[in-house]
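S.K.: Next input, structure requested:
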Amino acid sequence: MRRSDDVLWVTCGKQVVSKKKAEHNNGFHSLIIVILIWIICYSTFMKNNIVLIGFMGVGKGSVAREIVAQSGMVAVDTDDIIESMENRKIKKIFAEEGEPYFRALEKRVAKWLRNSVDNTLISTGGGFYKVPKLREMGTVVLLHAPFETIYQRIIDHPNAARKLKKRPLFQEIDKAKALYDEREPQYKKMANIVIDVSGKDYETIAKEILKKTSR
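M.R.: Residues are numbered from 1 along each chain as shown. From the prediction side, this is the model:
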């Protein structure tokens, strides 16, 4: 969209509407045309990805695998991409380089996803929601559950020891709960769709996501 003194232009590819010219017909209708073309432009450039966000342990990876099974979508995991880039585990990156370094890696991955990836399911780490222009990557879906539900799901898992080792913060429950309380409102602010996963199996959650994202 660009503006001169008396003309407002809205462009999308080769489509152009002159506000001045259209107002000769009907001012209200010309405004509607401008709005409709803006919507078309937005839809054209918005990625057709599904981006899963949520607190660690909420089940993003498991839900992603079920969505792939039901839809055949290609899936990527931002933590897996970072581990491949660095040739080391996330836990080791944090220990050796610190959190700011890791967050910078997330921003690099986010930029690549925005520029190069479409029609893909993107599963993210717990803090990935902070990257710039998250919604430009696609439809952002928050997997929500109360903190107690997430923690109970982890400790009830057959591989609970391994899962807790992967998420050392859960060994300090007060700190984990404080982080959850801080992040949950921010997750909801960033999400286009919120899915309450409490008491649902992965198959049901995946079906709900695919339905709400019109897949």
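S.K.: Nearest the middle, which residue of the protein would you pick?
M.R.: Per C-alpha atoms, centre = their mean, the C-alpha nearest to the average position across the chain is that of V51, at 3.2 Å.
S.K.: can you pull the contacts of that residue?
M.R.: 122, 124, 134, 137-141 (C-beta atoms under 8 Å, 6 or more residues apart in numbering). C-beta: built from backbone N, CA, C; applies to glycine.
S.K.: Also G98?
M.R.: No contacts exist for G98 under C-beta under 8 Å, 6+ apart.
S.K.: coming back round to it: so which of the contacts of V51 are in strands?
M.R.: Residues of the contacts of V51 located in strands (DSSP state E): 122, 139-141.
S.K.: Just name the closest of the residues you listed to L179, please.
M.R.: V140 (19.7 Å; C-beta to C-beta).
S.K.: what's the neighbour count on that closest one?
M.R.: Neighbour count of V140, defined by other C-beta atoms under 10 Å: 22.
S.K.: Now the element after the one helix or strand the residue nearest to the centre of the chain maps to, going C-ward?
M.R.: Assigned by DSSP states H and E, V51 belongs to strand 50-53. Counting by DSSP H and E, the next helix or strand C-terminal to strand 50-53 is helix 60-71.
S.K.: Pull the residues that contact that next one.
M.R.: Under C-beta under 8 Å, 6+ apart, the answer for helix 60-71 is 50, 52-54, 73-75, 77, 121, 123-124, 143, 197, 202-203, 205-207, 209-210, 215.
S.K.: sorry, back to before: now the contacts of V51 in JSON lines, with pLDDT and distance to E83?
M.R.: Shown next, in JSON lines, are those (pLDDT from 0 to 100; distance: C-beta to C-beta, whole Å):
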{"residue": "I122", "pLDDT": "98", "distance to E83": "15"}
{"residue": "T124", "pLDDT": "97", "distance to E83": "14"}
{"residue": "L134", "pLDDT": "96", "distance to E83": "21"}
{"residue": "M137", "pLDDT": "96", "distance to E83": "20"}
{"residue": "G138", "pLDDT": "96", "distance to E83": "22"}
{"residue": "T139", "pLDDT": "97", "distance to E83": "25"}
{"residue": "V140", "pLDDT": "98", "distance to E83": "23"}
{"residue": "V141", "pLDDT": "98", "distance to E83": "23"}
